[in-house]
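> Curious how this folds, go ahead:
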Amino acid sequence: MTLLKVRGVTKEFVTRGEGARARKSTFTAVDEVSFDVELGETLAIVGESGSGKSTTARIAARLLEPTSGTVEFDGQDVTRAKGKDLATFRNNVQVVFQDPFSSLNPRYTVERIITAPLTYQGITPKGGRRAFTQELMERVGLNPDHCRRYPAQFSGGQAQRIGIARALAVSPKLVICDEAVSALDVSIQAQVLELLMRLQRESGFSYIFIAHDLAVVRQISQRVAVMNRGRIVELGSRDQVFGEPRDEYTKTLLAAVPRINPEWDASRRRRHG
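Model (predicted):
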């Protein structure tokens with residue numbers, strides 16, 4: 001079942017040079033991008049900085065409006081959705097951002113942060129907010145007794161788990177991870193990736209996983225879209241993109257990835273499918 005359809009999306013930004021007589025110019029960050037996300041799958045969008053992958057993700061999440069093109073979610077056109085329709089969409093699509101500390105309000109306790117989506121949606125959890133928060137914290141590997149602490153009292157990996165818990169609070173169908181592990185140490189990256197994959201197995205939601213690290217993408221994705229200069233230059237299954245890349249840009253990216261031990265890779269595939 002197709003959960004998300006992005007068709008012909010373009011995003012242009014108007015820029016102005018310095019000086020009183022500076023002329024306006026148009027910069028195309030995303031250029032005629034189309035892709036689908038199936039229910040329960042992980043689509044990774046990869047590319048170098050400036051390739052347009054994060055802008056594409058923000059359009060898919062309705063954090064940015066496209067200049068042209070359409071976004072359909074669960075069979076409904078949400079490109080210009082407002083009011084109740086937009087609220088329903090935001091309930092079903094959540095985002096985990098790159099820097100956990102910049103996306104968590106330092107003045108709020110973890111309990112208030114995790115239950116914020118419920119507040120915005122007017123939802124009162126059964127058993128109360130404290131019990132709801134503690135259950136989610138335990139689910140993402142945090143000590144539930146720390147629900148009254150503040151973000152500054154946690155490590156980077158722990159703070160990202162708080163962000164993941166917040167995203168799961170409204171039981172979304174799609175979670176968009178925008179460089180969600182790139183700011184973490186390698187060992188912590190592995191732990192968070194394992195957490196994301198476990199949560200997906202338990203709940204069956206979909207991911208759009210934005211990254212520039214192909215080694216990370218290989219571990220978590222089923223399909224991969226490669227972006228360069230605002231366009232998708234290659235889109236296929238993980239095995240096809242990594243094993244038989246067609247585009248020269250993809251081949252260049254793969255050439256920069258450290259070789260993965262075949263025995264380790266085979267073991268990982270047996271564990272995660």
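> Point out where this protein drops to low pLDDT.
Flagging of the chain using pLDDT under 70 yields the residue ranges 17, 19-22, 258-273.
> Any idea which residue is closest to the centre of it?
Most central residue of the chain, judged by C-alpha distance to the mean C-alpha position with CA atoms, centre = their mean, is C177 at 1.7 Å.
> Just grab the bridge partners of it for me.
V96, F209 (DSSP bridges).
> measure it to P125 for me?
Using CB to CB, to the nearest Å, one gets 24 Å for the distance from C177 to P125. For every residue, glycine as well, the C-beta is placed using N, CA and C.
> before we move on, back to that, pull the contacting residues for the residue nearest to the centre of the chain.
95-96, 196, 207-210 (CB atoms under 8 Å, 6 or more residues apart in numbering).
> give me that answer again for 7 Å
96, 207, 209-210 (CB atoms under 7 Å, 6 or more residues apart in numbering).
> What's the PyMOL syntax to select whichever of the residues you listed are buried?
The buried residues among these can be selected in PyMOL (16 or more other CB atoms under 10 Å) with this line:
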select buried, resi 96+207+209+210
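> For the chain, which segments count as helices?
Here the chain has its helices, by DSSP state H, at 53-60, 83-92, 100-103, 110-121, 129-139, 156-168, 186-203, 214-220, 238-243, 248-255, 262-272.
> Adding distance to T10, write those helices out as CSV.
Output for the helices of the chain, formatted as CSV (distance: least, CB to CB, whole Å):
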stretch, distance to T10
helix 53-60, 9
helix 83-92, 21
helix 100-103, 27
helix 110-121, 30
helix 129-139, 37
helix 156-168, 27
helix 186-203, 30
helix 214-220, 25
helix 238-243, 24
helix 248-255, 20
helix 262-272, 35
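> Kindly present these as a markdown table, with separate columns for mean neighbour count.
Formatted as a markdown table, these follow (neighbours: other CB atoms under 10 Å):
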| stretch | mean neighbour count |
| --- | --- |
| helix 53-60 | 24 |
| helix 83-92 | 14 |
| helix 100-103 | 17 |
| helix 110-121 | 19 |
| helix 129-139 | 18 |
| helix 156-168 | 23 |
| helix 186-203 | 16 |
| helix 214-220 | 20 |
| helix 238-243 | 16 |
| helix 248-255 | 15 |
| helix 262-272 | 11 |
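> wait, which of the contacts of C177 is closest to F27?
I210 (19.7 Å; CB to CB).
> Next one: that closest one from R148, what distance?
Where R148 is concerned, I210 sits at a distance of 32 Å (CB to CB).
> I figured V110 hits A152, correct?
No: with contact defined as CB atoms under 7 Å, V110 does not count as touching A152 (11.2 Å).
> Nearest residue to A131 in space, please, no chain neighbours.
P125 (7.6 Å; CB to CB, 6 or more residues apart in numbering).
> Please tell me how far the one you found sits from L136.
Relative to L136, and taking CB to CB, P125 is found at 10 Å.
> and if you look at D74?
Using CB to CB, D74 is found at 24 Å from L136.
> swap in Q240?
36 Å.
> do T79 as well
31 Å.
> what's the answer for V192, then?
16 Å.
> for R80, same thing?
Taking CB to CB as the measure, R80 falls 32 Å from L136.
> And for the residue lying closest to A167 once chain neighbours are set aside, the neighbour number?
Setting aside the residues directly before and after it, A167 is nearest to Q94 in space (CB to CB, 6+ apart), at 3.8 Å. Using other CB atoms under 10 Å, Q94 has 23 other residues around it.
> is it true that Q94 touches P172?
Yes: contact criterion CB under 7 Å: Q94 and P172 qualify, at 4.3 Å.
> Report the contact partners of A183.
Neighbouring residues of A183 by CB under 7 Å, 6+ apart: 98-99, 156.
> go again using 10 Å as the cut-off
Listed by CB atoms under 10 Å, 6 or more residues apart in numbering, the contact partners of A183 are 97-102, 156-157, 159-160, 189.
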